[in-house]
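> coords please:
(chains A and B)
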Amino acid sequence: ETGVTQTPRHLVMGMTNKKSLKCEQHLGHNAMYWYKQSAKKPLELMFVYNFKEQTENNSVPSRFSPECPNSSHLFLHLHTLQPEDSALYLCASSHPDSNEQFFGPGTRLTVL
Amino acid sequence: QQPVQSPQAVILREGEDAVINCSSSKALYSVHWYRQKHGEAPVFLMILLKGGEQKGHDKISASFNEKKQQSSLYLTASQLSYSGTYFCGTAHTGTASKLTFGTGTRLQVTL
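Predicted coordinates for the structure are as follows:
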C-alpha cells in the first residue's frame, strides 16, 4: 500500500469513550502532522512530529494526545471529547527537504 | 493569523478563467496551494517562495507578491476536473512545518 493511510475512516464515540486514530505513511517521510478540519473553518494544524519528536503543539486541549512511535506511524488518542470536537481529522507527512505535504483521506469523527 | 482568501466561492463554465487570491497580514516566507475535492484528501498543487515568483503547470499557475503579502492562483480554460475547494497555506519562517490555512475558495466548473 502506498501513500498516507488513516484508520478508521469513520468513528462515532460518546463523550466518555476512549478511542485512537491511526495514520501510516509509506513514503519514507520523517515529518508527520495532525490537522482538524471543521465545516466552514480552515484546516487547523494540531501537532507536528519531526523524526518522532513533537515539534509543534498548536494549543491543543489535553483530551487529544498524539503519539509517534516511529517515522511511519502517528496516533491520536482521544478521551472525554466534546461534541464540538466532531470534525474531519487529517494526517499528513512530508520529507524534511521538501515543503510538500501529503495528506491522508481523513477520519470523520462524530462525538455524541 | 490565518490568511484571507477571496472569493469564497465561484462558479465557472468549462473553458472560463478564474483567479483566487490569498492575503496575509504578516510577512510571508512561502505560500502553498492545495485543492480538495469533496470527500477526498487535500492535494498539493504548488509552493511559491519569497523573492517573488511565478509558477505553473498545465493551465494552473500562481504568483507571489512579497511586498503585498499575497498570492494569486490562476486557473485558465477551466475543466470539470478543476472543481473543488482551493486552500492557500502560508508559512512565515523558512520551515513549512507550521502552515496556516485560509478558509478556502469553493470552485465549481459546469458544462
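> I'd like the next helix or strand past the helix-or-strand element of chain B with minimal mean pLDDT.
One helix or strand of chain B scores below all others by mean pLDDT, DSSP states H and E: strand B:54-57, with a mean of 71. Counting by DSSP states H and E, the next helix or strand C-terminal to strand B:54-57 is strand B:60-65.
> Extract the C-alpha set from that following strand and format it as PDB.
Provided in PDB are the C-alpha atoms of strand B:60-65 (Å, rounded to 0.1, in the frame of the first residue of the first chain):
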ATOM      1  CA  ILE B  60      -2.900  26.300 -13.300                       C
ATOM      2  CA  SER B  61      -0.300  28.900 -12.300                       C
ATOM      3  CA  ALA B  62       0.300  31.200  -9.300                       C
ATOM      4  CA  SER B  63       2.200  34.300  -8.400                       C
ATOM      5  CA  PHE B  64       3.600  35.600  -5.200                       C
ATOM      6  CA  ASN B  65       3.900  39.300  -4.400                       C
END
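> tell me the phi and psi of the residue nearest in space to the middle of chain A?
For chain A, A:Trp34 is the residue whose C-alpha lies nearest the centre (CA atoms, centre = their mean; 3.2 Å). In terms of degrees, to the nearest 10, the main-chain angles of A:Trp34 are phi -120, psi 130.
> and what of B:His38?
Note on B:His38: its backbone torsions stand at phi -60, psi 130 [degrees, to the nearest 10].
> I'd like to know how many residues surround the residue nearest to it when sequence neighbours are not counted.
Using CB to CB, 6 or more residues apart in numbering or on different chains and skipping residues adjacent in sequence, the residue nearest B:His38 is B:Gly84, 7.2 Å away. Where you see a C-beta, it was placed from the backbone N, CA and C, and this is true even at glycine. B:Gly84 has 20 neighbours, counted by other CB atoms under 10 Å in any protein chain shown.
> residue boundaries of the strands in chain A?
A:4-7, A:10-13, A:18-25, A:31-37, A:44-50, A:53-57, A:64-70, A:73-79, A:87-94, A:102-103, A:107-111 (DSSP state E).
> Worst mean pLDDT among the ones you listed?
The minimum mean pLDDT among those belongs to strand A:53-57 (a mean of 88).
> May I see the buried residues of that one?
Using 16 or more other CB atoms under 10 Å in any protein chain shown as the burial criterion, the residues of strand A:53-57 that qualify are A:Glu56.
> which outside residues touch that strand?
Residues from elsewhere that reach strand A:53-57, judged by CB atoms under 8 Å, 6 or more residues apart in numbering or on different chains: A:Leu45, A:Met46, A:Phe47, A:Val48, A:Tyr49, A:Pro66, A:Cys68, B:Ser97, B:Lys98.
> what does chain A have sitting close to chain B?
A:4, A:31, A:33, A:40-45, A:48, A:50, A:55-56, A:58, A:90, A:94, A:99-106 (CB under 8 Å from any CB of the partner chain).
> The residues you listed, buried ones only, as a PyMOL selection?
Applied in PyMOL, the following selects the buried portion of those according to 16+ other CB under 10 Å:
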select buried, chain A and resi 4+31+33+42+43+44+45+48+50+56+90+94+99+100+101+102+103+104+105+106
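> Tell me how many other residues crowd B:Gln108.
Neighbours around B:Gln108, by other CB under 10 Å: 14.
> wait, what's in contact with it?
So B:Gln108 contacts B:Ala9, B:Val10, B:Ile11, B:Leu12, B:Ser83 (CB under 8 Å, 6+ apart).
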